[in-house]
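> Just need the structure, nothing else, for what follows:
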Amino acid sequence: MEIGQAKGYLLEYEVLRLLKKSDYVNVKKGQVRGRGAQHQIDGYGVFSIPTAFVYPIRLLSESKCYKDPVELEVVRNFVGVIKDISENYVVAKTHKRNSLYRYTDAGCIFSASPFVQSAQEYAWAHNIFLVSFLEMTFMEQILTRIDQSARTPAMAAILNDNEGKKQERIIKEHKHFSKYNRLFDPTLVVGILDNIYPVILVGTNDWIRHIKPPKTNDKLDAQKDFRQDFSQHGIIESNSRNNEPLQHVFHISIQGQPITFSLPHFAAMRILRRIRKSVGNEKIAAL
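Predicted coordinates:
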């Protein structure tokens with residue numbers, strides 16, 4: 001087994017672990033039945049806050065830990081998986097596939113690297129949301145820990161032997177490594193930017209608990225500290241369209257709490273267009 005595949009397992013494990021601490025309940029991984037096949041889902045769970053006249057929102061996620069930007073093929077395959085799962089409902093009571101539970105399925109791909117432009121466009125067209133953790137404060141420590149864990153002699157021995165259950169053993173070894181190499185855990189909070197695009201707000205451990213709700217309303221003021229534009233490792237690559245970045249990382253402060261979130265370039269440009277068209281005191285970029 002290659003080290004890259006092991007790092008993919010570890011990112012999947014870390015994202016699932018952090019999602020369990022967020023606003024989702026019963027987050028887990030495993031097989032989810034689709035209309036035509038069973039699908040291995042890296043992480044799925046139901047959002048704990050209900051929405052009127054909408055089936056419970058279920059997150060179906062995939063995690064990718066690539067060195068290079070994620071290509072179109074990854075997103076295209078995931079669209080097929082989401083479509084197959086969301087269509088696995090039959091009205092007939094006698095049908096074995098029928099389920100008492102129905103969901104509004106939302107697909108998200110978590111990645112350690114940005115997504116190429118064509119992958120972003122395809123994801124936008126099919127309502128697949130993309131979250132890259134590249135250069136996101138606090139999540140960078142998770143990515144560093146994954147890389148260090150995957151390169152230990154103990155992990156190398158697991159990757160090179162011929163014994164079974166490699167994924168389980170890789171995760172077990174990573175847990176052992178993390179026990180002595182974990183400074184703190186970030187806290188992930190799901191938000192919707194400008195009622196358009198879901199984002200993952202990443203802050204220090206339990207940062208949301210340190211936020212004091214306003215006395216008059218439920219709106220929180222945030223201050224943008226700065227924005228970083230990235231393709232891969234902060235360098236605009238020659239294959240980026242029109243020399244544009246692939247990803248934007250926003251650093252903001254909420255009541256003194258440092259928070260980061262990222263946006264694919266394709267989504268960011270659509271939100272920025274709304275900002276440019278806004279007039280007067282029109283509200284923009286609400287989170």
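
> in the stretch 151-287 of the chain, which spans are helices?
153-160, 166-179, 265-277 (DSSP state H, counting those that start in this stretch).

> For the protein, give me the ranges with low pLDDT.
Scanning the chain with the threshold set as pLDDT under 70 gives 90-100, 182-183, 231-242, 275, 277-287.

> Which parts of it are strands?
Remark: strands assigned in the chain by DSSP state E are 24-33, 38-47, 57-64, 104-111, 128-132, 187-193, 197-203, 222-230, 247-254, 257-264.

> Among those strands, single out whichever gets nearest to Pro153.
For Pro153, the closest of the strands of the chain is strand 57-64, at 25.2 Å, according to Cβ to Cβ. Heads up, the C-betas are built off the backbone N, CA and C, glycines and all.

> Paired strands for that closest one, with orientation please.
Applying DSSP bridges, strand 57-64 is found paired with strand 38-47 (antiparallel), strand 104-111 (parallel).

> Looking at those strands, which is nearest to Pro213?
Closest among the strands paired with strand 57-64, using Cβ to Cβ: strand 38-47, at 20.3 Å.

> still on that earlier bit, and the strands paired with strand 57-64, which is most packed in?
strand 104-111 (a mean of 21; mean count of other Cβ atoms under 10 Å).

> Distance to Gln141 and mean neighbour count for the helices of the stretch 151-287 of the chain - can I get that in TSV?
Formatted as TSV, these follow (distance: least, Cβ to Cβ, whole Å; neighbours: other Cβ atoms under 10 Å):
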stretch	distance to Gln141	mean neighbour count
helix 153-160	19	13
helix 166-179	11	16
helix 265-277	25	15
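
> could you redo these as TSV and give each row distance to Phe53?
Below are the helices of the stretch 151-287 of the chain laid out as TSV (distance: least, Cβ to Cβ, whole Å):
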stretch	distance to Phe53
helix 153-160	48
helix 166-179	40
helix 265-277	26
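
> quick one, which of those is nearest to Phe78?
For Phe78, the closest of those is helix 265-277, at 16.3 Å, according to Cβ to Cβ.

> packing partners for that closest one?
Applying 3 or more Cβ pairs under 8 Å, 6 or more residues apart in numbering; DSSP states H and E, we find helix 265-277 packed against helix 117-125, strand 247-254.

> about what we covered before: looking at the helices of the stretch 151-287 of the chain, which is closest to Gly36?
For the helices of the stretch 151-287 of the chain, distance to Gly36 was read as Cβ to Cβ. The smallest value, 25.0 Å, belongs to helix 166-179.

> In this structure Phe110 contacts Leu16, no?
No. Between Phe110 and Leu16 there is no contact under Cβ atoms under 8 Å: 9.7 Å.

> Where do the domain boundaries of this protein fall?
Here the domain assignment for the chain is 3-179, 187-277, based on automatic domain parsing.

> tell me the most buried of those domains?
domain 3-179 (a mean of 17).

> what about that one, how long is it end to end?
End-to-end distance for domain 3-179, by Cα to Cα, to the nearest Å: 21 Å.

> thinking again about what came up before, closest one to Asn26 among the strands paired with strand 57-64?
strand 38-47 (5.5 Å).

> Extract the C-alpha set from the closest one and format it as PDB.
Extracted in PDB, the C-alpha atoms of strand 38-47 (Å, rounded to 0.1, in the frame of the first residue of the first chain):
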ATOM      1  CA  GLN A  38     -24.100  -0.200  -2.100                       C
ATOM      2  CA  HIS A  39     -21.700   2.700  -1.700                       C
ATOM      3  CA  GLN A  40     -18.900   3.100   0.800                       C
ATOM      4  CA  ILE A  41     -19.300   6.600   2.400                       C
ATOM      5  CA  ASP A  42     -16.400   8.100   4.300                       C
ATOM      6  CA  GLY A  43     -18.700  10.000   6.600                       C
ATOM      7  CA  TYR A  44     -22.400  10.600   6.900                       C
ATOM      8  CA  GLY A  45     -24.800  12.100   9.500                       C
ATOM      9  CA  VAL A  46     -28.000  14.000  10.000                       C
ATOM     10  CA  PHE A  47     -28.000  17.700  10.800                       C
END
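
> Good, wrapping up.
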